[in-house]
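got a sequence here, can you model it:
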Amino acid sequence: GAVTFVPRWQLAALSPREAQTVQNSLALPELRRRAEASRAVPDYLAWGRAAFDSALYDEASTAYAAALRLDPRQPEALRRLGILLLTRAERGGGELGEEEAGQAFLLVRTAAGLAPDDAESQLFLGFALVRFGQDEAALAALERYRTLNPSGRDADETITAIRARQNESDPGLRVYAASCASCHGANGGGGALGPSLRVSNLSRDGLRQIILQGKGAMPAYPDLGTDDLNALLDVLERWQKEGP
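Below is the predicted model:
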């Protein structure tokens, strides 16, 4: 009962993430004791973070709730409590009622507003928006997450699922995904090669001419059918009105 370490040779057999999880779990009793003794927000966050990363979500919820009682605007505690509540049913808990779901979403959204440049804030906001059927806003948040954390892969499956749904329901988005997204970004906000299409002030005829004839580094698409071209132009004009 007094073991507080794992020999390095045992940790060497684990992946870095698995080894960190083991170390977090072993540190939990001391982190909890320290937080309950100091009653300080940083100590509650350290305890909650270690529990969350060890998938001990009930303990993480206790720690983060204690942090919020001291600082109701603490972003990490807000977003993690919110996402834990939203995913309660998947973890074997009871289904959320409409009011509970709204409260959970408010926690996540508030955290994103308080810490808009935090990658996890945008990631959790995207996940929450998907649950409420707001695919367009969710995609924007998840793409923002990718910008903030270029090596992060946590949003990949959700982004793929959103694009698939959009492409099925909107022929213009289907054309865009096939021909334009690789250069101009998944949501028209600009990519590694192409500029943002949401800040363009080109007319519909101007857009049509560039698509069919090309311009500069952009290739021409002279074989694009009339229906597909018009559907794509509808999307581009809609994005111009929405803006960045």
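
every contact and neighbour count from this point should use C-alpha atoms.
OK.

residues in contact with the spatially most central residue of the chain?
The centre of the chain sits closest to residue 123, judged by Cα atoms, centre = their mean, with a distance of 1.9 Å. Neighbouring residues of residue 123 by Cα atoms under 8 Å, 6 or more residues apart in numbering: 141-142, 145, 154-155.

need phi/psi at it.
Main-chain torsions, residue 123, degrees, to the nearest 10: phi -60, psi -50.

how distant is stretch 64-75 from the center of its chain?
Offset of stretch 64-75 from its chain centre (Cα atoms, centre = their mean, to the nearest Å): 22 Å.

could you tell me the end-to-end distance of it?
10 Å (Cα to Cα, to the nearest Å).

can you list contacts of it?
40-41, 44-45, 48, 77-78, 80-81, 110-112, 114-115, 121.

and if we set it to 7 Å?
Residues from elsewhere that reach stretch 64-75 (Cα atoms under 7 Å, 6 or more residues apart in numbering): 41, 44-45, 48, 77, 81, 111, 114-115.

in it, what counts as buried?
64-68, 74-75 (16 or more other Cα atoms under 10 Å).

could you dump those into a markdown table with secondary structure, distance to residue 232 and pLDDT added?
A markdown table is the format used below for the buried residues of stretch 64-75 (DSSP: H, G, I helix; E, B strand; the rest coil; distance: Cα to Cα, whole Å; pLDDT from 0 to 100):
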| residue | secondary structure | distance to residue 232 | pLDDT |
| --- | --- | --- | --- |
| 64 | helix | 46 | 97 |
| 65 | helix | 47 | 96 |
| 66 | helix | 50 | 97 |
| 67 | helix | 49 | 97 |
| 68 | helix | 47 | 97 |
| 74 | coil | 43 | 97 |
| 75 | helix | 39 | 97 |
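
let me have the residues you listed in JSON lines, adding distance to residue 106 as columns.
Below are the buried residues of stretch 64-75 laid out as JSON lines (distance: Cα to Cα, whole Å):
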{"residue": "64", "distance to residue 106": "16"}
{"residue": "65", "distance to residue 106": "15"}
{"residue": "66", "distance to residue 106": "18"}
{"residue": "67", "distance to residue 106": "17"}
{"residue": "68", "distance to residue 106": "14"}
{"residue": "74", "distance to residue 106": "14"}
{"residue": "75", "distance to residue 106": "12"}
